[in-house]
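> sequence plus the predicted model coming up.
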Amino acid sequence: MAEAAQIETGLIAFLKADPAVAAASGGRVFGGELPAEETALMPRTALVIRASGGVSLTGESYLGHDTQRVDIVAFGPTPRIASELLRSAALALRQLRRGVFGGVLIHWANAAGGTLSGREPETDWPRAFQSFQVMHGLAAIEE
């Protein structure tokens, strides 16, 4: 049986490969949450890709593909810088074309809502986020 694809891993690889996002984030793009070693250095620019539920577009099929809603969370030293980083990441995702990134076949990424900015409730770090719906293959692909 094939290994399951990790959509966060694919999106991290895609965003790190984008020159504008890599420059704006300092290459700090993570899945799920910030690593412990990063939290001691916050607030600074960083992106976190988090799965956030949503409706599957292929739920009643046997396709080897599915959709996943993800939140792109951008942090920065100021609210403005966090929002600028989010805009860079959102633009890159809107321009994503079908390809294999980090061992994941990603077909497309579509905005699933508008942006929201503010501060992280527990830490008071400036952040902005936007949700995207991503169509991807379910099986990992060896690169």
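Thanks, I have it.

> pretty sure residue 14 contacts residue 92?
Yes: if you go by Cβ atoms under 8 Å, residue 14 and residue 92 touch, sitting 7.3 Å apart. C-beta: built from backbone N, CA, C; applies to glycine.

> and these two? Which one has more around it.
Set side by side, residue 14 and residue 92 show more neighbours around residue 14, with 24 against 21, by other Cβ atoms under 10 Å.

> give me the contacts around the helix or strand hosting the more buried one.
Using DSSP states H and E, residue 14 sits in helix 7-17. The list of residues contacting helix 7-17 from outside it, by Cβ atoms under 8 Å, 6 or more residues apart in numbering, reads 21-22, 25, 27, 29-32, 47, 49-51, 68, 70, 89, 92-93, 96, 100-106, 109, 134, 136.

> how about that helix: buried residues?
Along helix 7-17, the positions that meet the burial threshold by neighbour count (16 or more other Cβ atoms under 10 Å) are 7, 8, 9, 10, 11, 12, 13, 14, 15, 16.

> one more: stretch 70-79?
Result for stretch 70-79 [16+ other Cβ under 10 Å]: buried residues 70, 71, 72, 73, 74, 75, 76.

> surely the first one is in a helix?
This points to residue 70. No: residue assignment for residue 70, taken from DSSP: H, G, I helix; E, B strand; the rest coil, gives strand, which places it outside any helix.

> helix, strand, or coil at the residue positioned nearest the centre of the chain?
Geometric centre of the chain, nearest residue: residue 49, 3.5 Å, by Cα atoms, centre = their mean. In the three-state summary, residue 49 is assigned as strand, counting by three-state DSSP.

> and it, how far from residue 63?
23 Å (Cβ to Cβ, to the nearest Å).

> likewise for residue 114?
When distances are taken as Cβ to Cβ, residue 114 and residue 63 turn out to be 29 Å apart.

> more neighbours, these two?
Regarding residue 114 and residue 63, a neighbour count based on other Cβ under 10 Å identifies residue 63 as having more, with 11 against 7.

> distance of the more buried one relative to residue 108?
With distances taken as Cβ to Cβ, residue 63 is found 15 Å from residue 108.
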